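1. Sharing a model that was predicted from the sequence below.
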Amino acid sequence: MTDWQKIGRPGAIGSRKNEVLANFDKIYGKDKWRLIWDVKGQPVSVQGALTLYEDAYF
């Protein structure tokens, strides 16, 4: 398994999504970075984050 390094928080990307993701490819290399959600120190995928969000309502 690859060890990932946290590099920061991009904040809201919104309409700049394509620009921001292309910049990450340029800086870190294509397929050598990922966006994750950090929940209590554990990396969570977008699906995991959405599940947590949904579960908060029930």
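-> Thanks, I have it.
2. what's the next secondary structure element after whichever helix in the chain runs longest?
-> When secondary structure is assigned using DSSP state H, the longest helix within the chain turns out to be helix 17-28. Proceeding N to C from helix 17-28, the next assigned helix or strand is strand 37-39, under DSSP states H and E.
3. still on that earlier bit, find out how far the longest helix of the chain is from the centre of the chain, if you would.
-> Helix 17-28 sits 13 Å away from the centroid of its parent chain (C-alpha atoms, centre = their mean, to the nearest Å).
4. Kindly report the same for stretch 45-54.
-> Stretch 45-54 has its C-alpha centroid displaced from the chain centroid by 12 Å (C-alpha atoms, centre = their mean).
5. who touches that stretch?
-> Contacts of stretch 45-54 with the rest of the structure, by C-beta atoms under 8 Å, 6 or more residues apart in numbering, involve Leu35, Ile36, Trp37, Val39, Val44. For the C-beta atoms, the positions are set from N, CA and C on the backbone; glycine is no exception.
6. swap the cut-off to 7 Å and go again
-> Stretch 45-54 has contacts (C-beta atoms under 7 Å, 6 or more residues apart in numbering) with Ile36, Trp37, Val39.
7. Poorly predicted segments of the chain, please.
-> 1-2 (pLDDT under 70).
8. Nearest residue to the middle of it?
-> By C-alpha atoms, centre = their mean, the mean C-alpha position of the chain lies nearest to Leu35, the distance being 1.8 Å.
9. That one and Phe58, how far apart?
-> In this view, Leu35 and Phe58 are 26 Å apart by C-beta to C-beta, to the nearest Å.
10. now Leu50
-> Per C-beta to C-beta, Leu50 is found 14 Å from Phe58.
11. more neighbours, the two?
-> The neighbour comparison of Leu50 against Phe58 (other C-beta atoms under 10 Å) goes to Leu50, with 12 against 4.
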